[in-house]
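Peer 1: here is a sequence together with a model predicted from it:
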Amino acid sequence: MTRAVEFGRPFKRFKPTKYLLELYDMEDQRYDATFRSVWTANNERSLPSGVSLGDTVILLPRVDFSQAYLIAAEANALKATPDQNKALQYLNEVRMRAYDVDDVANLPIINTVDIDVILEERAKEFAAEGKRWFDLVRTGKLVERV
């Protein structure tokens with residue numbers, strides 16, 4: 001990214017306290033009018049592979065994302081007697097939010113939930129959060145994936 005008026009003036013970078021952020025009800029329009037939560041790629045010269053101009057590069061969600069769904073999907077997919085239905089149900093909760101849909105029919109099809117599918121979803125969900133290396137080591141996939 002490069003400095004741009006649409007992302008605010010360069011000397012206005014600060015993080016409000018959790019207390020202040022939690023003062024706003026979810027319906028309170030002043031929150032979105034005051035705080036930015038999405039930044040997009042705007043510098044063609046420094047685009048990483050796979051990123052296009054206009055793609056979201058920073059997302060600061062108003063509410064925390066929960067890891068429980070992905071862990072539950074993994075647990076159900078990898079237990080001694082896998083429960084594919086439950087694994088897919090948990091995985092689709094994350095995917096529906098990510099795709100901003102309320103029906104699994106609007107999602108790309110996944111037929112089987114295995115560790116590779118889980119790792120792909122965790123990579124997309126937690127990109128740049130420092131979890132990837134630990135996931136790959138924990139699952140024995142580090143050498144294969146790196």
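Peer 2: Nice, thanks for sending it over.
Peer 1: how many neighbours does residue 24 have?
Peer 2: Residues contacting residue 24 under the criterion other CB atoms under 10 Å number 15. Every C-beta, even on glycine, is put in place using the N, C-alpha and C of the backbone.
Peer 1: I'd guessed it sits against residue 33; true?
Peer 2: No. Look at residue 24 against residue 33 with CB atoms under 8 Å: they stay out of range, at 10.3 Å.
Peer 1: so, low pLDDT: which residues of the chain?
Peer 2: Along the chain, segments meeting pLDDT under 70 span 1-2, 5-13, 64-67.
Peer 1: could you pull out the helices for it?
Peer 2: Along the chain, the segments classed as helices by DSSP state H run 18-22, 29-34, 68-78, 84-99, 115-125, 132-138, 142-145.
Peer 1: can you say which of these is nearest to residue 44?
Peer 2: helix 115-125 (23.4 Å; CB to CB).
Peer 1: and the closest one, what's buried?
Peer 2: Buried residues in helix 115-125, counted by 16 or more other CB atoms under 10 Å: 117, 118, 119, 121, 122, 125.
Peer 1: so which of the residues you listed comes closest to residue 143?
Peer 2: residue 119 (13.5 Å).
Peer 1: the helices of the chain into CSV, with extra columns for distance to residue 109?
Peer 2: Output for these, formatted as CSV (distance: least, CB to CB, whole Å):
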stretch, distance to residue 109
helix 18-22, 37
helix 29-34, 34
helix 68-78, 16
helix 84-99, 10
helix 115-125, 11
helix 132-138, 24
helix 142-145, 23
